Every structure is written in C-alpha cells, then in structure tokens.
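>>> here is a sequence together with a model predicted from it:
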Amino acid sequence: MSRETLLQNIADLVQTDLVPLVEDIDRKGLYPEDFLRKAGGLGGFACVGSEAEGGSGLGLGEQIAVLREIGKACGATAFSAWCQAACAWYLHQTPNQAVKRYLPDVLSGKVLAGTGMSNTVKHLAGIEEHLLQAVETEGGYTVNGMLPWVSNLGEDHIWANTAQTGGGYVMFITGAAREGVSLIACPEFCALEGTRTFAIKFDNVFVPHEDVLAAPEQFADFIKTIKAGFILLQIGIGAGIIDGCLHEIALADVGSETNYFLDHGRDELQKRHQALLAKTMKLADEAYLNQANMLETLQTRADASQLCLDASQSAALHAGAKGYLMSSPVQRRLREAMFVAIVTPALKHLRKEISDLEFMGGDEFSI
C-alpha cells in the first residue's frame, strides 16, 4: 500500500466512523474501540513494522502522519492510537524474538495495546522514583507495584511496562488477563476521558522470559532505540490538533474585521506548523534507522507542545464568544492541547532534558 492510499483510507474512516462520535468521546468518555480496530484493519498501525513482521514497512514518519489524520478530528482518539503505535514500535525494536509474537496482532489492530512507560521515562530523567519492582525468579520475573496513569487499556488489551530490578531494569509485555494484574478507575479528567485510562496494580505478577522486551543487560541500549520514536510519534497527536485549530481560525476569519488584530494569526501558525512537520519527518526517518539526534528530537517535541498551546488559544480567541460554548470545537481543542503539553514527556520535562543535554555538550547522558 502506498502512503497516499493509506492516508486517504484513514481520512475517509475518520469522517465516517470518528467524526460522529467526537462529542461523545469528549463529553461522555466513549472509547472508540470499533474505530481503532477498523483503523488497524486498514493498516493504520502497521507502518512501524516490516513486511516480514506483518507490517507495511512505510516507516515512522508515515505512522506519525496517520496519527495526525486522526488528531484532526479528535485528539483523544489520536492519543489512544499513539498508545497502540508506541507498543508496536517497542515490539518492532526488541532484540528478543519470542515476544515479537504479539507484533502482527498489534500492527493489525486485532489486539489493542497501551504503553505504561510514563513513570520509567520520568524516572530515567531524574524526576520521580520508579514504581514497579521486579525480582528474577525461575523462568522469568515477579513484579509488584502500582502505576497511576496508563491508557488504551481493557480486559483483553496488552501493554508494555518496565520494572526496576536489583541489577537495573526489565521491560516487558503484560495484560489485564494476567493473574495479579488489576485495573483501577482513575479520577475524572477534564479531557481525554475516552482513552480507557486506568491505574494498574501488580500483585506478584509473573512475567515469563518470553514476554520480555529488554532484559536488564539489554535495557540501556533498548531504551536508546525506542525513545526517539516514542517522543516523535506524539507529535502526530499535536499536529492533528493544530490542523483542527487552523481550520477553526479560518472559519472564524470569514467576515471578521477584528481578528486581524490578534496575535498568532493563521499565516504565522501555518508557517510554524509546516516547519515543525518538515523537521519531524526528517527526525522520524533518522529514528527509524536508529540514527536519532536526541537533542533535536526533544527540541522538536517541545516546539510541538508550544505550537499546540498557541494555536488552540488563538482558535478560541478568533472564535470569540462562540468559542466559550461547551459545544464549540475550540473549547475541546484547548483541553486537548493542554494534554499534549503535560503528557510524558511534559513541556517542563522536555526543557529539563534539553538543558541537561546542552550542559553536557549535546551528548545524551540520561536514557
């Protein structure tokens, strides 16, 4: 399948199957499971997998473009799709063949998947303590602890986690059906309620060796191969939200005599957006070849957060009083954009890592 055919198919599916649900996703917490599975059936999560793995081999950049198409209509669903794509990315990159058995079904959307890596990413940046602990046992590891926020989950979903061991870290695949795993409802969010987000409790959960993505001796190298993709894929969410904001600004500008006086007009935002997309595609191509520049990746992700915030606020101001209605798309975009700036790695987290890397002369010293 060509890139153009894939994106057109996803765009068509968004219009027929997602757009009618957007209000219920945002206001009622509807989880668009059918849409996600149909998107998978069209190849919407297959880009990061090779043809031998059951994917399309189109690459990381094309996967970002798919997330952008979904985000044009709904940032929450783009985030759920990011969770799926991120898990596929981990499975594609793992050096362990046994755990790759999950990959074809994740790439096709037959199995839906999450990524419980927020705590690990923050821990490795020196921001918080690691919340899952593992002890090596016969045939695998026993894991205990609790994670507060993990998304795109369900009773038959799988996801990736990392647990701290005496000798480092182990990253693995698990699921809600595993004995000792409990999904616990989270407090209500102001947005992103339709993403099936739970706290996860691990009570003596056994993880066999064949479910390990990276053993302790593999972990440092593995994190370096997945981190750039993890971050860049999130730009797809933000890019779609920015597209949606630009659309609303264009509508509000028709017949307006005062919008001209606002900061961050459509032309300025569009120019910044195009520059962001070009930089993202370049970095995605490099990351797919395991040649990522981490400092540039972090800076570009931070730029995406800031542009999301600027575009959504501008859209609300351009819309005026209409943008203050709960039913207004720009009101939803404000909350979605805020999420892009606070989801791990949050804007403050990104700026910390950028500062750390610049202090070290651009050499990544933390993973």
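Okay, I see it. Being a predicted model, the structure only gives us computed values, none of them experimental. Residues are numbered from 1 along each chain as shown.
>>> could you verify my assumption that E129 touches H123?
Yes: between E129 and H123 a contact is recorded at 6.7 Å, counting by Cβ atoms under 8 Å. Bear in mind the C-beta positions are built from the backbone N, C-alpha and C, glycine included.
>>> the two: who's more crowded?
H123 (18 against 8; other Cβ atoms under 10 Å).
>>> any low-confidence regions in the stretch 251-367 of the chain?
362-367 (pLDDT under 70).
>>> what does the stretch 51-200 of the chain give?
For the stretch 51-200 of the chain, no range has pLDDT under 70.
>>> do a quick rundown of the helices in it.
Using DSSP state H, counting those that start in this stretch, the helices of the stretch 51-200 of the chain run over residues 60-71, 75-93, 103-108, 118-124.
>>> would you list those in CSV and tack on distance to T297?
CSV is the format used below for those (distance: least, Cβ to Cβ, whole Å):
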stretch, distance to T297
helix 60-71, 11
helix 75-93, 14
helix 103-108, 23
helix 118-124, 13
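>>> D243 is nearest to which of those?
Smallest distance to D243 across the helices of the stretch 51-200 of the chain (Cβ to Cβ): 6.9 Å, for helix 60-71.
>>> by contact count, what packs against the closest one?
Packed against helix 60-71 by the contact rule (3 or more Cβ pairs under 8 Å, 6 or more residues apart in numbering; DSSP states H and E) you find helix 3-13, helix 75-93, helix 216-253, helix 266-288.
>>> in the longest one, what's buried?
Residues of helix 216-253 classed as buried by neighbour count (16 or more other Cβ atoms under 10 Å): 216, 218-219, 222-223, 225-246, 248-249, 252.
>>> angle of that helix against helix 75-93?
Helix 216-253 and helix 75-93 meet at an angle of 150 degrees, taking axes from the mean of the first three to the mean of the last three Cα atoms, to 10 degrees as the criterion.
>>> could you check the angle helix 216-253 makes with helix 266-288?
Using the same axes, to 10 degrees: helix 216-253 against helix 266-288 is 160 degrees.
>>> and helix 216-253, how far from the chain's centre?
Averaging C-alpha positions (Cα atoms, centre = their mean, to the nearest Å) puts helix 216-253 6 Å from its chain's average.
>>> helices or strands up against that helix?
helix 60-71, helix 75-93, helix 118-124, strand 168-175, strand 212-214, helix 266-288, helix 294-319, helix 329-342.
>>> relative orientation of that helix and strand 168-175 in degrees?
Using the same axes, to 10 degrees: helix 216-253 against strand 168-175 is 60 degrees.
>>> and what of the second one?
Regarding helix 75-93 and strand 168-175, their directions subtend 120 degrees when assessed with the same axes, to 10 degrees.
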